[in-house]
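Engineer: What follows is a predicted structure for the sequence shown.
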Amino acid sequence: MSTTPAELPDTIEELRALVFLQQENHEVELSERNEEISQLREYIRLLKSQRFGARSERSHISQMGLFNEAEAIADEDDAQTESDVSRIEVPAHTRRKRGGRKPLPAFLPREEILHDLSEAEKVCGNDAAHRLARIGVDRLEQLVFIPASAKVLVHIRPQYACPSCKDSVKAAPPPASPIPKSFATPSLLAQIVASKYVDALPLYRQAKIFQRMGVDLSRATMASWVIRMGELVVPLLRIILEEIRSGDYAQMDETPFQVLKEKGKLATTDSYLWALRGGGREQPLLYYEYSPTRGGEVARQLLDGFEGYLQTDGYKGYDHFDEPCGIVHVGCFAHARRKFDEALRGQGKKTKPGRKASLARQGLQRINTLYKIERSYASASREERTKLRAEKLAPKIEELREWTLASIDRVSPDSLTGKAIGYLDKQWPKLVRVLEDERIPLDTNAVERAIRPFVIGRRNWMFADTPGGATASARLYSLVETAKANGIEPWAYLNHVFEKLPQATSPEDIEALLPWNVEIKELVARVATD
């Protein structure tokens, strides 16, 4: 604010008031700039931490550099060996004990090789007349790797005809096949699908592996097979989705998914993979669906007919579930915790001894306390868990609420700490609902873990070429991840499904192929013998 000589006040009092007003405006402007600079510095420190610093949720070392992997893993194992050393107290001293090597799986076939002394060596070194007696045996098990091999099945169907009538030709029906008139067997298809969706191995790399085996199998051929397998398993996925909808608790999340040839969209525009998890702890169910949009209508369609608790993160696309619709919307403490962790990283400094912890650190510590309490009764029965939650968890959640209300006006809402506290305050009506049912965890980490394999795989194959490929990926991820969640080896399960599903003629036949209806021992045995 400036004044010209013609606008100068007539009296000293008015001049003083004008100077005071200009000084006050200058101080306000200076304060706003300082606050903006402070916020920008927070964001810079946060970005540097995310770019260069250690992350609490960072990936495993195996997902990092390829060239230093062996050295890094070796160093990591050495460090773990030192940290895993336990101590056993004995009367006279303390003895160090290291964890033993895990035994090789019992279902693997064994081939025994005897290394014995010759008859001439089985004599005493002091007196050759004394024969040595066997007092024991030393066993050493070593794992032999047999490279992948392939063989060709030749199906021969003799044809018969009446030599008199010459108009009736008969032959045995061809065997049921996942892809009729194709040389693809269930085991080959299971290998391709498991390699892509379990091991994140792109099809072009698989083509090179088959080439080294002497088999010319193009990427285009495998891609068409993957889409066909996505269509084959639809009857199973319908049942999985209906099972989730018929339950009373589910979790939902979504992640970007780039599809190149999508009608009406640029190749650089993101589509999305939606993940839905239900079924409870004993029978977990995973269902994925590809969608070109991130709109809330996708969530509504997936949950059509569902009534119960739905737990999500703070994405606004789920906000319509806050309205009465038979669904109780529950929040996620992990996302609230993440906000405070980012605020603490943005501060870029550690709390000195004797200094009061910052609001960001206080919020983080309070939420960490909730997780510590939850872990203390993780293995308790349902009734005991309900009781302990009311006694231990509920008071701490109430304390967190009181702290939030007392802290919300103590910091700028535009700072990282202010945004963390504001997020916690806004999400509170949904967060506090974790106390309504002992089955509801503090966070949506279970569905985030379920979507992580897709995120890791996406780093390798980057995108889907067509919506058909994206849909097939979502379907096969649903089957693979549900099998894994139920403790079934994915390749064995896929091999079983691809073999039996073409022969299924009734709803009972299809239901028998669901992961929780398949005998795990049978599949493990087949893995050992195939």
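Structural biologist: Received the coordinates, thanks.
Engineer: which residues touch Ala485?
Structural biologist: Contacts for Ala485 (C-beta atoms under 8 Å, 6 or more residues apart in numbering) come out as Pro284, Leu285, Leu286, Ala450, Pro515. In short, each C-beta sits where N, CA and C put it, glycine included.
Engineer: Quick one, grab the pLDDT at the residue nearest to Ser149 when sequence neighbours are not counted.
Structural biologist: Nearest non-adjacent residue to Ser149, counting by C-beta to C-beta, 6 or more residues apart in numbering: Met213, 7.7 Å away. In this model, Met213 is scored at 89, pLDDT.
Engineer: ok, now the one 10 residues further on?
Structural biologist: We note a pLDDT of 91 for Ala223 in this prediction.
Engineer: and the gap between it and Gly468?
Structural biologist: Distance, Ala223 to Gly468, using C-beta to C-beta, to the nearest Å: 10 Å.
Engineer: Kindly report the same for Lys500.
Structural biologist: As judged by C-beta to C-beta, Lys500 and Gly468 stand 25 Å apart.
Engineer: Read off the pLDDT value for the residue nearest the centre of the chain.
Structural biologist: Nearest to the mean C-alpha position of the chain, by C-alpha atoms, centre = their mean, lies Arg449 at 2.2 Å. Looking at Arg449, its pLDDT reads 88.
Engineer: and the nearest residue to Ala223 once chain neighbours are set aside, what does it touch?
Structural biologist: Closest residue to Ala223 apart from its sequence neighbours, by C-beta to C-beta, 6+ apart: Leu203 at 5.9 Å. Neighbour list for Leu203: Ile192, Lys196, Arg219, Met222, Ala223, Val226, Trp461 [criterion: C-beta under 8 Å, 6+ apart].
Engineer: Now which of these would you call buried?
Structural biologist: Neighbour counting by 16 or more other C-beta atoms under 10 Å classes Ile192, Lys196, Met222, Ala223, Val226, Trp461 among those as buried.
Engineer: As a check, name the ranges of all helices in the stretch 201-350 of the chain.
Structural biologist: Along the stretch 201-350 of the chain, the stretches classed as helices by DSSP state H, counting those that start in this stretch are 203-212, 219-232, 234-246, 296-302, 333-347.
Engineer: now the strands for the protein?
Structural biologist: Using DSSP state E, the strands of the chain run over 86-89, 94-97, 159-161, 169-171, 249-258, 270-278, 285-291, 308-311, 327-330.
Engineer: CSV please, covering these and showing distance to His130, mean pLDDT and mean neighbour count.
Structural biologist: Below are these laid out as CSV (distance: least, C-beta to C-beta, whole Å; pLDDT from 0 to 100; neighbours: other C-beta atoms under 10 Å):
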stretch, distance to His130, mean pLDDT, mean neighbour count
strand 86-89, 40, 51, 8
strand 94-97, 37, 54, 9
strand 159-161, 76, 88, 10
strand 169-171, 74, 87, 9
strand 249-258, 73, 89, 21
strand 270-278, 70, 90, 22
strand 285-291, 68, 93, 25
strand 308-311, 76, 94, 21
strand 327-330, 79, 94, 21
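Engineer: got these as TSV, with distance to Leu132 columns?
Structural biologist: Formatted as TSV, the strands of the chain follow (distance: least, C-beta to C-beta, whole Å):
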stretch	distance to Leu132
strand 86-89	35
strand 94-97	33
strand 159-161	69
strand 169-171	68
strand 249-258	66
strand 270-278	63
strand 285-291	61
strand 308-311	69
strand 327-330	72
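Engineer: do you know which of those strands lies nearest Arg300?
Structural biologist: Nearest to Arg300 among the strands of the chain is strand 327-330; the distance by C-beta to C-beta comes to 9.7 Å.
Engineer: Am I right that Lys265 is in contact with Pro292?
Structural biologist: Yes - here Lys265 reaches Pro292: they are 6.5 Å apart, a contact under C-beta atoms under 8 Å.
Engineer: So between the two, which is more surrounded?
Structural biologist: Pro292 (18 against 15; other C-beta atoms under 10 Å).
Engineer: What residues are bridge-paired with the closest residue to the more buried one other than its chain neighbours?
Structural biologist: Among residues not flanking Pro292 along the chain, Ser271 sits closest, at 4.7 Å (C-beta to C-beta, 6+ apart). Beta bridges link Ser271 to Phe257, judged by DSSP bridges.
Engineer: thinking again about what came up before, out of the helices of the stretch 201-350 of the chain, which one sits most buried?
Structural biologist: Using mean count of other C-beta atoms under 10 Å, the stretch among these with the largest mean neighbour count is helix 333-347, at a mean of 22.
Engineer: CA atoms only: put that one into PDB for me.
Structural biologist: Taking C-alpha atoms only, helix 333-347 is exported to PDB below (Å, rounded to 0.1, in the frame of the first residue of the first chain):
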ATOM      1  CA  PHE A 333      -5.700 -46.000  10.000                       C
ATOM      2  CA  ALA A 334      -2.700 -46.900   7.800                       C
ATOM      3  CA  HIS A 335      -3.400 -44.000   5.400                       C
ATOM      4  CA  ALA A 336      -3.900 -41.600   8.400                       C
ATOM      5  CA  ARG A 337      -0.500 -42.900   9.800                       C
ATOM      6  CA  ARG A 338       1.100 -42.300   6.400                       C
ATOM      7  CA  LYS A 339       0.200 -38.600   6.400                       C
ATOM      8  CA  PHE A 340       1.900 -38.200   9.800                       C
ATOM      9  CA  ASP A 341       5.000 -40.100   8.500                       C
ATOM     10  CA  GLU A 342       5.200 -37.800   5.500                       C
ATOM     11  CA  ALA A 343       4.800 -34.700   7.800                       C
ATOM     12  CA  LEU A 344       7.700 -36.000   9.900                       C
ATOM     13  CA  ARG A 345       9.900 -36.600   6.900                       C
ATOM     14  CA  GLY A 346       9.100 -33.100   5.700                       C
ATOM     15  CA  GLN A 347      10.400 -31.700   9.000                       C
END
